[in-house]
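Chemist: Output the structure for:
(chains A and B)
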Protein chains: 2
Amino acid sequence: MRSLLLIAAGLSIATAAAAQHTDYPIQGVSFTKVKLTDSFWLPRLKINTDVTIPASFARCESTNRVKNFEMAAAKSGKFATVFPFDDTDIYKTVEGASYSLSLYPDKKLEAYVDELIAKVGAAQEPDGYLYTARTIDPAHPHAWSGKERWEKERELSHELYNSGHLYEAAVAHYEATGKKTLLNIALKNADLVCSVFGPGKRSVAPGHEIVEMGLVKLYRVTGQPKYLTTAKFFLDARGQYPGYDPKSPDAWKNGSYWQDDKPVVAQKEAEGHAVRAEYLYSAMADVAALTGDKPLLAAIDTIWNNMVTKKMYVTGGTGSVPGGERFGANYELPNTTAYNETCASVADVYWNQRMFQLHGDAKYVDVMEKVLYNGLISGVGLDGKTFFYSNAMQIKNSMGFPQTEPARAGWFECSCCPTNLARLMPALPGYVYAQNGRRLYVNLFVSGTADLTINKQKVQLTQQNNYPWDGGLKFTVNPAKTADFDLLVRLPGWAQGEAMPSNLYTFAMPNKQAVTINVNGKPMPYKVQNGYAVLSRKWHKNDVVDLTLPMDVRQVLANPNVKDDLGKVALQRGPLMFCAEWKDNDGKTSNLLVPASTKFTADYKPQVLNGIVELTATVPAVEVDAAGTSIRTVAKSMTAIPYYAWANRGKGEMTVWFPQRALEVDIVTQPTAEVTVGK
Amino acid sequence: MRSLLLIAAGLSIATAAAAQHTDYPIQGVSFTKVKLTDSFWLPRLKINTDVTIPASFARCESTNRVKNFEMAAAKSGKFATVFPFDDTDIYKTVEGASYSLSLYPDKKLEAYVDELIAKVGAAQEPDGYLYTARTIDPAHPHAWSGKERWEKERELSHELYNSGHLYEAAVAHYEATGKKTLLNIALKNADLVCSVFGPGKRSVAPGHEIVEMGLVKLYRVTGQPKYLTTAKFFLDARGQYPGYDPKSPDAWKNGSYWQDDKPVVAQKEAEGHAVRAEYLYSAMADVAALTGDKPLLAAIDTIWNNMVTKKMYVTGGTGSVPGGERFGANYELPNTTAYNETCASVADVYWNQRMFQLHGDAKYVDVMEKVLYNGLISGVGLDGKTFFYSNAMQIKNSMGFPQTEPARAGWFECSCCPTNLARLMPALPGYVYAQNGRRLYVNLFVSGTADLTINKQKVQLTQQNNYPWDGGLKFTVNPAKTADFDLLVRLPGWAQGEAMPSNLYTFAMPNKQAVTINVNGKPMPYKVQNGYAVLSRKWHKNDVVDLTLPMDVRQVLANPNVKDDLGKVALQRGPLMFCAEWKDNDGKTSNLLVPASTKFTADYKPQVLNGIVELTATVPAVEVDAAGTSIRTVAKSMTAIPYYAWANRGKGEMTVWFPQRALEVDIVTQPTAEVTVGK
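Modeler: Next comes the predicted model:
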């Protein structure tokens, strides 16, 4: 779909090249083709456009990130922020703004972005090098940057990380606006990178992956093989550095922190810093798709299985360990210290979309949906301008509040997450549909209209639903004329009794039932392929497909190897995980038990948290009297809200996993600080 | 007192030398002068003699420790145990047996000890080197031993550690039996050590201290300055090794694990491996006493204050951290993971006795008494042949029993603790009294008779009491003829409202009251000096001194910086700390609250655990029903027993610190393993 846009924009760059090679068998339907009317997502995209992106730009200005570029252009001054990768916040916000401009044209914003791009261009050195932490004062680069270019790229400098985000932003800007300004800057930089790194030239495993994904995007846009070759070169560079201590348990010392302990094709577990890891796995998928490299494909299949069966929270969050923002051991998924960086959820969406494009299996979209509706959007407040860097799974009064981060922050010293959300959110329409020839995949249930071309015919597909609150889904197929193609509607695993595409989580109350699909009011037989209901027919104007997903409240159990969840239950309805928050439960949630027999009622509350379904039930709750010497359980009405909506009403207790029954109790005498939350 | 014994034994070794120099102003009254009748300690010494020492020797035989010496003598075979320091178990048991023989002559035991000593002598190399791990097969020494002698002494070999325990045993054997057999072996080894190490010769900070204390003992016995000089040389060698990484937080890498990160005079905190540390501090006290070295003295005063105000459990245990068996940070005194090695308590008795001898302050004896009656004897079962290596402060069902060590073991692979107890226990009579000219100190309240010489006059002092169960103390002074001297009776801090000589623990219910002392039934005015009631008078035959220490049950609070004890209370009566054990409390103790208002009753139970005082009270206890969904507090009769007596009736819950009131509860769904107990 991208090539169409490019041709439409009258660009001279060769875009057909990629299409001639091996590539993903399935391509996403471009976000530019999908207009949302969805009452769940549209307001989020709107607030991202109206609040998050302007707030991010304002912060980039007020925190001197923009000034760094101005000083680099002038080659004078002193690098004015904390990290050498602070340049990327501008790239990422430009990326988000570009997607946004394509959805909501805005002359003022466009002019501002043009102005920023001009500043970026002015900061670029004549040979293409772009890295303000050195260019401002090359004799005194940032302490992390090394005396010479690229010298500390493995560990600290983030020179290639900056490049990668530049490429991502440049391609988005180009696709969304048709302008080549940022793309030309990116290509000039990429040409330098390709001239410096490669066989017989300099080699390094980039310390924070993303340049690989970015180079692939440049390859897709330009068709220039060197960008793909260099991306693959960077993948192959991993596991080659002799300076690590393979016996060290320290992830920094043995190289696993940045996935550099083994060649990528020998990696079997999701390991190290989660954002780095998932950017790497995304790039591995890209390169595997474009080169047909089987060992690479086998490696990401193995790693994906490891992550989804052993290292993912029930909210879709990944990277459980605060120290190193990294994956823990198998089944190491603690609740009170859960890290779950928002950026890792962003990366996880990228990766699962690619896995789906490779394999066409709904299980990848199941995971992506779980991330999108839970662990990702929990990272941004309903106000669009307050954020979580890490996404907790439990807040208890006994954890000691000063050490925790239950209320969201406006921005962070290291502000990767807000800007990553800013770029992902407006790209969401691009994840709703996908296509492989005559097969049209409906992946996400998001109301709106898509303008498609199937078998060279125009087809409009409209979704109308009240998802995720209601299970009723309605699709109106509107071909220009009668069209013969397959409509593949994802049947979510959760709708068929699977809490996850793995044995990591299961439903205690499965409610496994067949989903009936009607076409024009009459049941239509269908076969299920890779998790999709395949509806093959000649489609006529205004054909209506409808089905109803079961919206029962389900109790989720974790694999018994997850010791932190043993004997506990989580609550799910549709794709949403629920949590109990202090605000709805008389100030406490750590005292609630949810016995297996608990019956929940689900009610839509339009006034609460911008409109949510609330779950309520009567459960045993532990009460301690004022003297602290009388303790008892009382029957109490508990209320649970969608996990994504927590921490919008101040600080307090929050629980995702509820004990089903107490074996005993620990008497808590004072709050203790047991949580370290990263910045 | 020692010199008298030596002269009596007709020995030629110069013993007067030490007395001509600076030394401890106060000297302990030798254990050979004190005959116990005490109903608390005498059975313990008896079982140590009858059971512990024979069991230790039997284990030394059955585990091939003796065989190692035989093979070393034959210079053939293969080192047959696990650690190169396994030789010391024989030395330590010989030390204990020697003390024991002096109390309870036993021809058979004496002959066996002689036989063992002959085997030790045969294993010694011609130049004095004695270390079976190398001598058995010098071409293939133990992996920890280094290719050459002394090569790995800093980290692993324990060559000087073995020497130190040899010297300790040799001096005890010599003092107790008058025989020079083991002493000559020790001196030959020490002469080698002094010839190898010293200024201009080899230098090392011995990896596990004790050779320093041992050399001082050889100096006292022989008067040979080189032993003292070499002991001081080893102290001065600390903090000199350039191979550490001072910035590493790892106690092994920065040298603090073996107190080698700083010169001893610059050390300010009790740090690193607790047994190593307290042997070092004991040697520092010895050398400070013998040389008048002020900086050394200042250093141990500072370290002692640090330990007693910030790093000691309420039972007197030290070394809270299992990893490295070491001191934690200030106030790092967790209960469920408390390490508290029994050997550290042994070392603490040695150190506090020396601090008392330096300063004459009762606070050191207060700490020693706390250790002796609580954290030390908890290390050996009432059967005298089962042991704790580490001494827990809390056992909860939720900790998961397979991972804990609530029941005692018969012996350990590394069996330092049983043999350390075997040598300390029979030496106990030597800690009861001390003397400085005309001042006679009564430090411990242990029934028995001491034969003293004060101002060249014979004085017999008899104690009759039922301590620690009753507070009534009776002393009968029986001079050969009227004698003018000062009797200094220790007034324990706990009897005067001080839970510890520090702000680490305080009494919630102080019960501060003056202690009345009668002489011959009439109150005698006294002044208090350094914690002692000073009774100065002309003593006549059969003068009777009596006083009563208050035996109220007291609630102890920890310094609020000890976060693990916040809001909790421990129970003390006299010198004894109490705990609740599962056996007396319907299987659970973690559910008991002890509100501040709780009134305890104390009753002596002659049939329970060889006779103990039990504390009982009615308290709130948390109960969970079988379904796990109903929780409530009920009034319950709780029973507490002396801490030292726990874990003699099987495995189960045990609590020292009781919550006073619950702020909230944590619902426990399954036992989790959170404890690592060292071997």
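Chemist: now the strands for the stretch 501-650 of chain A?
Modeler: Assigned strands in the stretch 501-650 of chain A, in chain order: A:505-507, A:517-519, A:522-523, A:527-529, A:532-539, A:543-548, A:553-558, A:568-573, A:576-581, A:601-605, A:612-624, A:631-642 (criterion: DSSP state E, counting those that start in this stretch).
Chemist: how about those strands in JSON lines, adding distance to chain B?
Modeler: Placement of C-beta: from N, CA and C, glycine included. Rendered in JSON lines, the data for these read as follows (distance: least, CB to the nearest CB, whole Å):
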{"stretch": "strand A:505-507", "distance to chain B": "16"}
{"stretch": "strand A:517-519", "distance to chain B": "41"}
{"stretch": "strand A:522-523", "distance to chain B": "43"}
{"stretch": "strand A:527-529", "distance to chain B": "37"}
{"stretch": "strand A:532-539", "distance to chain B": "38"}
{"stretch": "strand A:543-548", "distance to chain B": "34"}
{"stretch": "strand A:553-558", "distance to chain B": "11"}
{"stretch": "strand A:568-573", "distance to chain B": "6"}
{"stretch": "strand A:576-581", "distance to chain B": "13"}
{"stretch": "strand A:601-605", "distance to chain B": "20"}
{"stretch": "strand A:612-624", "distance to chain B": "5"}
{"stretch": "strand A:631-642", "distance to chain B": "4"}
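Chemist: Packed most tightly, which of those strands would that be?
Modeler: Comparing these by mean neighbour count (mean count of other CB atoms under 10 Å in any protein chain shown), strand A:576-581 comes out on top with a mean of 26.
Chemist: how close does residue A:51 get to chain B?
Modeler: Computed with CB to the nearest CB, to the nearest Å, the distance linking residue A:51 and chain B is 37 Å.
Chemist: do residue A:493 as well
Modeler: Here the criterion is CB to the nearest CB. By it, residue A:493 lies 26 Å from chain B.
Chemist: That residue - nearest residue in space that isn't next to it in sequence?
Modeler: The shortest distance from residue A:493 to any non-neighbouring residue, by CB to CB, 6 or more residues apart in numbering or on different chains, is to residue A:366 (4.6 Å).
Chemist: ok and the strand or helix carrying that neighbour relative to strand A:532-539, angle-wise?
Modeler: With secondary structure defined by DSSP states H and E, residue A:366 is part of helix A:362-370. Here helix A:362-370 runs at an angle of 100 degrees relative to strand A:532-539 (axes from the mean of the first three to the mean of the last three CA atoms, to 10 degrees).
Chemist: So which elements touch the helix or strand that helix A:362-370 is followed by?
Modeler: Using DSSP H and E, the helix or strand that directly follows helix A:362-370 along the chain is strand A:394-395. Helices and strands in packing contact with strand A:394-395 are listed as strand A:654-655; criterion 3 or more CB pairs under 8 Å, 6 or more residues apart in numbering or on different chains; DSSP states H and E.
Chemist: and the strand it packs on, how far out from the chain's middle?
Modeler: Averaging C-alpha coordinates over strand A:654-655 and over its chain gives two centres that are 23 Å apart (CA atoms, centre = their mean, to the nearest Å).
Chemist: Where do the helices of the stretch 301-450 of chain A begin and end?
Modeler: Taking DSSP state H, counting those that start in this stretch as the criterion, the stretch 301-450 of chain A contains helices spanning A:342-359, A:362-370, A:416-424.
Chemist: pLDDT (mean, whole number) over the longest one?
Modeler: For helix A:342-359, mean pLDDT is 96.
Chemist: repeat for stretch A:664-679
Modeler: On average, stretch A:664-679 scores 64.
Chemist: same deal with stretch A:117-134?
Modeler: In this model, stretch A:117-134 carries a mean pLDDT of 97.
Chemist: And that stretch, what's buried?
Modeler: Taking 16 or more other CB atoms under 10 Å in any protein chain shown as the basis for neighbour counts, the residues of stretch A:117-134 that come out buried are A:117, A:119-121, A:123-125, A:128-134.
Chemist: Can I get the helices of the stretch 301-450 of chain A in a markdown table including mean neighbour count and distance to residue A:78?
Modeler: Output for these, formatted as a markdown table (neighbours: other CB atoms under 10 Å in any protein chain shown; distance: least, CB to CB, whole Å):
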| stretch | mean neighbour count | distance to residue A:78 |
| --- | --- | --- |
| helix A:342-359 | 26 | 28 |
| helix A:362-370 | 26 | 43 |
| helix A:416-424 | 27 | 23 |
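Chemist: Can you check which of those gets nearest to residue B:578?
Modeler: Taking CB to CB, helix A:342-359 is the member of the helices of the stretch 301-450 of chain A nearest to residue B:578, at 50.3 Å.
Chemist: Helix, strand, or coil at the closest residue to residue A:253 other than its chain neighbours?
Modeler: Counting by CB to CB, 6+ apart, residue A:245 is the residue found nearest to residue A:253 once chain neighbours are left out, at 5.0 Å. What DSSP: H, G, I helix; E, B strand; the rest coil gives for residue A:245 is coil.
Chemist: re the thing from before, among the buried residues of stretch A:117-134, give me the pair with the biggest separation.
Modeler: The widest separation within the buried residues of stretch A:117-134, taken as CB to CB, falls between A:117 and A:134 and amounts to 20.4 Å.
Chemist: returning to that earlier point: quick one, which of the strands of the stretch 501-650 of chain A is nearest to residue A:389?
Modeler: Taking CB to CB as the criterion, residue A:389 comes closest to strand A:576-581 out of those, the separation being 18.5 Å.
Chemist: What strands flank that closest one, and is each parallel or antiparallel?
Modeler: Paired with strand A:576-581 in the same sheet, following DSSP bridges, are strand A:568-573 (antiparallel), strand A:631-642 (antiparallel), strand A:654-655 (antiparallel).
Chemist: Any chance of a markdown table for these, columns mean pLDDT?
Modeler: Listed next are those as a markdown table, based on pLDDT from 0 to 100:
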| stretch | mean pLDDT |
| --- | --- |
| strand A:568-573 | 98 |
| strand A:631-642 | 97 |
| strand A:654-655 | 96 |
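Chemist: Tell me which of these sits nearest to residue A:26.
Modeler: Judging the strands paired with strand A:576-581 by CB to CB, what sits closest to residue A:26 is strand A:568-573, at 27.7 Å.
Chemist: residues in contact with that closest one?
Modeler: A:314, A:494, A:499, A:505, A:507-508, A:551-558, A:577-579, A:594, A:596, A:600, A:602, A:613, A:615, A:640, A:656-660, B:669 (CB atoms under 8 Å, 6 or more residues apart in numbering or on different chains).
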